[in-house]
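*Asks:* Using only what follows, build the 3D model:
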Amino acid sequence: MKNKSLLALVPLLILGIGCSSVSEPPVAGSVPAKKTAKKPAAKAPATAAASKKPVASANPTATYAIDSGPSSIKVEPNLPAFRAEPLMPPADVPPPQPGAVAAPAVPVNPTTPLASVPAPKYLVEDAAIPSGTPPAVLALVTEADRSRSSGDLDAAVVVMERALRIDARNPTLTYKLAQLRLKQNKPQLAEELAGKAALLAGGNLDLKRKSWILIAEARNMQQNPQGAKEAKAKAESFFGH
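*Replies:* Down below sits the predicted model:
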């Protein structure tokens, strides 16, 4: 009896299996769906974090980029190069005439300001060495005159002082040394030496007159016009003797 019931169930099972294996026909106008293979989901990197925390820098004075914004500096075009114009002479100075000769510059002691050097007012004359002067003194006087002519007044003074050490009471040597001191712009020393020469001159009235003229010029350089006039009057007193 059991075998008959099993045999009756077998056809039913076969029929059910066949119906489930039959697929539904495709609908007209529809596109069959493509089967896509599912890809495994990508794993998020372990290093990614939901929110990143700023890493503390080893340098406490960290710098940050600052947006300077639009620049307000206006770039100017290149300026034209300036051309140097020749200097024009002052309007009150007349142009030099053709063939004119420029006046020579007057040498002035560089150590003395121009305002403190007065113009020469009294003519200081030279004096000749008298006869009977020792040859050694004559040689020194010649060397001193040569140095003075070349403009080396210091060397001329040194040589003349050597000559005076040989013949200390020679009034002409003293007078010539006073001349050198006057040229060195040392009027006080020149006045003292010229006064000494006038005393040593004795009966040599010409040398006395020249010595007092030199004293007048030395006082003029020391801004003493009254003393210069008195010395000039003293010098004129020796004329006609």
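
*Asks:* Pull the contacting residues for E191.
*Replies:* A178, L214, I215, A218, R219, Q222 (C-beta atoms under 8 Å, 6 or more residues apart in numbering). C-beta coordinates here come from the backbone N, C-alpha and C atoms, glycine included.

*Asks:* From those residues, list the buried ones, please.
*Replies:* In the contacts of E191, burial by neighbour count holds for A178, L214, I215, A218, R219, Q222, counting by 16 or more other C-beta atoms under 10 Å.

*Asks:* ok, the second one - contacts?
*Replies:* If I follow you right, that is L214. Counting by C-beta under 8 Å, 6+ apart, L214 touches Y122, V124, Y175, A178, Q179, L182, A190, E191, A194.

*Asks:* Looking at these, which is nearest T142?
*Replies:* Nearest to T142 among these, counting by C-beta to C-beta, is Q179 at 15.3 Å.

*Asks:* circling back: out of the buried ones among the contacts of E191, name the ones that lie in helices.
*Replies:* A178, L214, I215, A218, R219 (DSSP state H).

*Asks:* contacting residues around M160?
*Replies:* L140, V141, A144, L173, K176, L177, L180 are the contacts of M160 under C-beta under 8 Å, 6+ apart.

*Asks:* What separation do you get for the last one and I14?
*Replies:* What that stands for is L180. Using C-beta to C-beta, to the nearest Å, L180 is found at 160 Å from I14.

*Asks:* Give me the nearest residue to G195, chain neighbours excluded.
*Replies:* I215 (6.4 Å; C-beta to C-beta, 6 or more residues apart in numbering).
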